[in-house]
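In: missing the sequence, but the structure's below:
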């Protein structure tokens, strides 16, 4: 599937890529100005919007934490499986190693 990006949008994306600090400054200014304008228009709407944004931020942080913990658990399970494989291999011993020949005491004239 091919998607054609309109020229003005493409130029805006290129400009944003070339000047990331300007983009951050504009977004930060909007993040400050928008709630102030909303509060000036309607305090109730500002409170509702603030609660929705707070809920969004908390849900996003919880999802990120959940993903991080799932990744840690996956890595710990991988490490445990690797350790169990090493233990299994070492406890099986070396099949090519020579076996020890045990003789009964007194077989070679030792004093008992």
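Out: Thanks, I have the structure now. Predicted model only: the values in this text are computed from it and were never measured.

In: Tell me the gap between the one helix or strand residue 27 maps to and the middle of its chain.
Out: Assigned by DSSP states H and E, residue 27 belongs to helix 20-41. Put simply, helix 20-41 sits 30 Å off its chain's centre (C-alpha atoms, centre = their mean, to the nearest Å).

In: could you show me where the strands are in this protein, in order?
Out: Ranges of strands in the chain, per DSSP state E: none exist.

In: Centre-most residue in it?
Out: residue 68 (4.2 Å; C-alpha atoms, centre = their mean).

In: ok, so what distance separates it from residue 49?
Out: 29 Å (C-beta to C-beta, to the nearest Å). Just so you know, the C-beta spots here come from the backbone N, C-alpha and C atoms, and that holds for glycine as well.

In: Just give me the longest helix of the protein.
Out: helix 43-92 (DSSP state H).

In: so residue 46 makes contact with residue 38?
Out: Yes. Residue 46 lies in contact with residue 38 (C-beta atoms under 8 Å); the separation is 4.6 Å.
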